[in-house]
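Colleague: structure for the following, please:
(one chain, ligands or ions: 1)
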Amino acid sequence: MADSRPDYEVWDPLVRIGHWALAAGVALAWLTREGWRETHEWIGYATLVLVAARVVWGLAGPRYARFGQFVRSPAATLRYAGAVLKRGEPRHLGHNPLGAWMILALLAAVAATGFTGWLYTTDAYWETCMAG
Ligand code: HEM
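Modeller: Residues are numbered from 1 along each chain as shown. I've put the predicted structure just below:
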């Protein structure tokens with residue numbers, strides 16, 4: 001029998017566009033890592049802007065975009081993981097607690113990659129070898 005529950009749009013357009021733009025940005029940054037330095041740097045900056053925008057949206061965006069809606073405490077997340085292992089996890093509208101921590105980890109990883117990439121361009125960190 002068909003599901004009679006109404007369709008519900010969980011993620012707003014900004015989350016969706018930002019998500020694919022970030023995925024594309026990381027892929028393009030990887031593809032341009034050699035021989036396309038200036039392009040690579042601009043793509044890297046763009047990914048940093050996308051991460052920053054997602055953080056702002058996670059604090060001030062609509063309900064399902066907010067970290068407060070889906071990030072749960074470590075204890076609650078462990079309980080959820082235990083329920084997953086027993087195949088009895090509750091369903092969530094939006095992100096589940098494990099997915100939430102994965103999102104935070106991915107955003108932090110992209111931010112750290114962009115930040116350390118930028119460090120490459122500075123004299124103080126790694127770009128210039130100290131002679132003699
Ligand atoms: C999502 C963002 C980024 C990703 C995924 C990324 C990825 C990479 C990768 C895979 C390499 C090659 C590393 C190696 O072979 O050791 C690289 C090198 C580099 N990246 Fe990025 N990067 C990002 C952002 C940035 C940013 C924001 C900058 C600077 C503004 C930057 C500047 C550089 C530089 C200068 C190099 C070294 C190029 C060389 O060897 O001459 N990257 N990046």
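Colleague: what mean pLDDT does stretch 9-20 have?
Modeller: Mean per-residue pLDDT for stretch 9-20: 95.
Colleague: export only the CA atoms of that stretch, formatted as CSV.
Modeller: Taking C-alpha atoms only, stretch 9-20 is exported to CSV below (Å, rounded to 0.1, in the frame of the first residue of the first chain):
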residue,chain,number,x,y,z
GLU,A,9,11.0,19.0,2.7
VAL,A,10,13.6,18.6,5.3
TRP,A,11,16.7,20.4,3.9
ASP,A,12,16.4,23.9,2.5
PRO,A,13,17.9,24.9,-0.9
LEU,A,14,20.9,26.5,0.7
VAL,A,15,21.9,23.3,2.5
ARG,A,16,21.4,21.3,-0.7
ILE,A,17,23.4,23.7,-3.0
GLY,A,18,26.1,24.2,-0.3
HIS,A,19,26.4,20.4,0.0
TRP,A,20,27.1,19.8,-3.6
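Colleague: distance from it to the middle of the chain?
Modeller: With C-alpha atoms, centre = their mean, to the nearest Å as the basis, stretch 9-20 stands 12 Å off its chain's centre.
Colleague: do that stretch and the ligand meet?
Modeller: No: interface with the ligand: stretch 9-20 contributes nothing (C-beta under 6 Å from any ligand atom), its closest point being 13.8 Å away. C-betas here are computed from N, CA, C, even on glycine.
Colleague: buried sites along that stretch?
Modeller: Residues Val15, Gly18 are the ones in stretch 9-20 that count as buried (16 or more other C-beta atoms under 10 Å).
Colleague: other residues contacting the helix or strand containing Ala76?
Modeller: According to DSSP states H and E, Ala76 maps onto helix 74-85. Helix 74-85 has contacts (C-beta atoms under 8 Å, 6 or more residues apart in numbering) with Arg72, Glu89, Pro90, Asn96, Pro97, Leu98, Ala100, Trp101.
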